[in-house]
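[1] Got a predicted structure here, sequence first:
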Amino acid sequence: MTRRAGLMGLLTAPLAACSGAGLLNALVPSGTYRSREGVAYGADPRQKLDVYLPLENKAGMPLVVFFYGGSWSSGERADYRFVGEALASHGVATLIADYRLSPQVRYPVFLQDCSQAVKWAFDHAGELGAAPSRVYLMGHSAGAYNAAMLALDARWLGEAGLAPKQLAGWIGLAGPYDFLPIVNPQAQVAFNWPATLPDTQPINHAAASPPALLLAGSKDDTVNPQRSTIGLGRKLEAAGARVRYRLIDGASHVTLVASIGKPLRWMAPVLEDVLTFIG
């Protein structure tokens, strides 16, 4: 094993185990952003978010709301400090939101939580120095599903008094957008399988979309990248949406998001693609 491959294994193992990214976060700079932790966007203990801001407050900057993965049954916002640091240090205000998880809740409650977090983003964009017209959604894995559903199915943002057309765009990393029948045991619980309706699938809401960036790893063996990322990308394209989609050669389900962290950016150009999309 090469030294670089060994480092990659050590850093991505915590993410793969859904037990946090402590080592990766420990290697991420701490003096490159400002932050506020544990900001409530609702009454439930899980309805909180962390705020990451650039050191220099530039009026009108973009604002990203990031949702993490974990099969809708695990995850903590603190595990994704490396995402907040990466974006904030490049001039992008970032919110990393917790949401209620299965088995405490089932679909669509986690989408409703995410919608409330987005409402908080719009309500507070100005005081953060961001432009309400430049709010983006972003997610990895199950979090990319959440972002997709909020961007494509108007019901969920509508419950929060918003509409998908208010989003500047959305970014999906290794998202499951077409996954019936459900085989993952945790996802079966989260979606009440087998009583899961087709309208739970983002690909069935691809008639309209804000601008979208869909990325997945060519070696993803957790979510089928051809079926979900390429499938949704092609359907959005056929519907006339502004969409860019591609598979990143050599990236896996885990390394796709881990490469956003500064120590692992040599693995995949995900951060570069995201920043280019945000503009």
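    Okay, I see it.

[2] Look up the closest residue to Gln226, ignoring the ones flanking it.
    Leu247 (8.0 Å; Cβ to Cβ, 6 or more residues apart in numbering). The way it works is simple: take the backbone N, C-alpha and C, and place the C-beta from them, glycine included.

[3] ok, the one you found - contacts?
    Applying Cβ atoms under 8 Å, 6 or more residues apart in numbering to Leu247 gives the contacts Leu215, Ala216, Gly217, Ser218, Pro225, Gln226, Thr229, Ile230.

[4] could you measure it against Gly42, distance?
    In this view, Leu247 and Gly42 are 36 Å apart by Cβ to Cβ, to the nearest Å.

[5] Show me which helix runs longest in the chain.
    helix 109-128 (DSSP state H).

[6] any idea which residue sits dead centre in this structure?
    Gly139 (0.8 Å; Cα atoms, centre = their mean).

[7] tell me which element that one falls in.
    Using DSSP states H and E, Gly139 maps to strand 130-140.

[8] what's downstream of that strand, the next helix or strand?
    The C-terminal neighbour of strand 130-140 among helices and strands, as given by DSSP H and E, is helix 142-152.

[9] Show me what that following helix is in contact with.
    Contacts of helix 142-152 (Cβ under 8 Å, 6+ apart): 66-72, 75, 99, 110-111, 114-115, 118, 137-139, 156-157, 164, 167, 170-177, 187, 202, 205-206, 208-210, 212, 232.

[10] make it 7 Å
    Outside helix 142-152, the residues within contact range by Cβ atoms under 7 Å, 6 or more residues apart in numbering are 67-72, 110-111, 114-115, 118, 137-139, 156-157, 164, 167, 170, 172-177, 202, 205-206, 209-210.

[11] after that helix, next one along is what?
    Counting by DSSP H and E, the next helix or strand C-terminal to helix 142-152 is helix 154-159.

[12] circling back: mind checking which of the contacts of Leu247 land in strands?
    Those of the contacts of Leu247 mapping onto strands are Leu215, Ala216, Gly217, per DSSP state E.

[13] Go through these and say which is closest to Asp50.
    Leu215 (23.1 Å; Cβ to Cβ).

[14] so what's that closest one closest to, chain neighbours aside?
    Leu173 (5.4 Å).

[15] and that neighbour, what is it in contact with?
    Gly139, His140, Ala144, Leu215, Leu256, Val257, Val270.

[16] repeat that for 8 Å
    Contact analysis of Leu173 by Cβ under 8 Å, 6+ apart lists Met138, Gly139, His140, Ser141, Ala144, Leu215, Ala216, Leu256, Val257, Val270.

[17] Please determine how far Phe277 is located from Gln104.
    Counting by Cβ to Cβ - Phe277 and Gln104 are separated by 33 Å.

[18] between these two, which one's more packed in?
    Taking Phe277 and Gln104 together and counting by other Cβ atoms under 10 Å, Phe277 has the greater number of neighbours (18 against 11).
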